[in-house]
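Undergrad: compute the structure for the input listed below.
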Amino acid sequence: MRALTWHGTHDVRVDTVDDPEIVNPRDAIIKITSTAICGSDLHLYDGVIPGCKPGDILGHEFMGEVVETGPKSTLQKGQRVVVPFTISCGGCFHCKVEQFSACENSNPAEKQDMSAVLYGQPMAGLFGYSHLTGGYSGGQAEYVRVPFSDIGPIVVPDHLDDDKVLFLSDILPTGWMAAENADIQPDDTVAVWGCGPVGLFAIQSALAMGAAKVIAIDHFPHRLELARSLGAETINFRESHVLDALMEMSGGIGVDAVIDAVGMEAHGFAFDNMMEVAKQKIGIGADRAHVLRQAIMAVRFGGKVSIPGVYGGLTDKFPTGALMEKGIQIKSGQTHVQKYTKPLLEKIENGSFDTTFLISHRLPLEDAARGYKCFKEEQDSWTKVILKPGMAA
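TA: Just a heads-up that it's a prediction; the model follows:
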């Protein structure tokens, strides 16, 4: 089959690789019909997430048709399914309390040591996201093996085309959980850093949960325009002093909740960020945490901080004093996708949530390398890229 493979920093290629096979009784094989490039894929593309090996198949946002099942899979051949990026067994302590992205059994034992050393406990398995998370082949391919297929995939009705439901695999649940983690109350003012796909869905979700005001922070004009179209007020951080603007827009008290939808590769020419860019390039530390620092400084005393943006390593100059003295609550983590797919599918079906506004480009899988390059370098116009195996060039 053909698949998009990692070969080093800014070096991804569509290669011919072996077809996946059923390995365990709960496996299924999915023929991919749509797969997307995610903002967190760019962390692998930029080489700032450790544990990638040449030839690894990337991609964790995908859907398709079931073509083969193991004897203990609950799926049936011919069903259309969206597959969560989190691989979860369904039976461990964390899965039973719906903390699916903390599954104890999906990262193979021989792969667990690296993330256990970094984080205290091993990570769960994720599709296409380095050997830190199990080394599973991803879905930017013609076919993919789905472990624990009786737990993860959600069957979608035929009347909903791929564009409407694909983002149930990651970014829509991630945006929803980001807003949920912000514990939004009536009359809350919420600030969202980053108007990429997750940030935009977090804005949409926060307003759906009853936020009185959502303020979106970015510097790309089109992305800010998309945020306004959803009902947000906006700040261009290259034209305004963010902290001053937020204080003014929140009546001088600070915003009630903040959402960092940027993560470890923040943009901007702030001194701390430029220093961390340099450190990231030479391997000293892994995270550019300018946005998280700014969010903590912007939130009011007793406020709430939600972190859906991906962080992978260490950071310094962290405002622990502000964190403690302000009595801030923090929630973060990889998304518990399986917890949210069914209720969000219902919102898509009844028309209360639209996901298609994000899509800017559809490319053949064979053109995936160009898709990555443009998604990184032209983020204002390439807001979301969908790859289609078999699509004519």
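Undergrad: going forward, measure contacts between C-alpha atoms and count neighbours the same way
TA: Noted.
Undergrad: in which helix or strand would I find Val144?
TA: Taking DSSP states H and E as the definition, one finds Val144 inside strand 143-146.
Undergrad: for that strand, packing partners?
TA: Secondary-structure packing of strand 143-146 (3 or more CA pairs under 8 Å, 6 or more residues apart in numbering; DSSP states H and E): strand 28-37.
Undergrad: quick one, helices of this protein?
TA: With helices called from DSSP state H, the chain shows them at 41-45, 93-96, 113-119, 162-165, 171-181, 197-208, 221-230, 242-249, 271-282, 290-298, 320-325, 337-349, 368-377.
Undergrad: so what sits opposite the residue lying closest to Gly371 once chain neighbours are set aside in the bridge?
TA: Excluding its sequence neighbours, the residue lying closest to Gly371 (CA to CA, 6 or more residues apart in numbering) is Val385, at 6.8 Å. Counting by DSSP bridges, Val385 is bridged to Ile37, His361.
Undergrad: surely Val385 touches Ile37?
TA: Yes. In this structure Val385 lies within contact range of Ile37 using CA atoms under 8 Å: 5.7 Å.
Undergrad: residues shared between the contacts of the two?
TA: Residues touching both Val385 and Ile37 by CA atoms under 8 Å, 6 or more residues apart in numbering: Gly371.
Undergrad: what number of residues lie near Thr315?
TA: Burial of Thr315 is recorded as 16 neighbouring residues (other CA atoms under 10 Å).
Undergrad: domains in the chain, as residue ranges please.
TA: By the assignment in automatic domain parsing, the chain contains the domains 2-170+336-388, 172-332.
Undergrad: okay if I get those domains as TSV plus mean pLDDT?
TA: Output for these, formatted as TSV (pLDDT from 0 to 100):
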stretch	mean pLDDT
domain 2-170+336-388	96
domain 172-332	89
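Undergrad: got the CA positions of the strand holding Val144 in CSV?
TA: The C-alpha coordinates for strand 143-146 follow below in CSV (Å, rounded to 0.1, in the frame of the first residue of the first chain):
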residue,chain,number,x,y,z
TYR,A,143,-5.1,1.1,5.0
VAL,A,144,-4.6,0.9,8.8
ARG,A,145,-4.8,-1.7,11.5
VAL,A,146,-7.0,-0.5,14.4
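Undergrad: pull out the buried positions in it.
TA: Across strand 143-146, burial judged by 16 or more other CA atoms under 10 Å covers Tyr143, Val144, Arg145, Val146.
Undergrad: could you do stretch 230-246 as well?
TA: Gly231, Ala232, Glu233, Thr234, Ile235, Phe237, Val242, Leu243, Ala245, Leu246.
Undergrad: what is the nearest of those to Gly263?
TA: Ranked by distance to Gly263 (CA to CA), the buried residues of stretch 230-246 are led by Phe237 at 16.1 Å.
Undergrad: hang on, that closest one packs against Ile215?
TA: No. Counting by CA under 8 Å, Phe237 stays clear of Ile215, with 12.0 Å between them.
Undergrad: name the residues that touch the strand holding Val144?
TA: So strand 143-146 is in contact with 1, 19-22, 27-32, 137-138, going by CA under 8 Å, 6+ apart.
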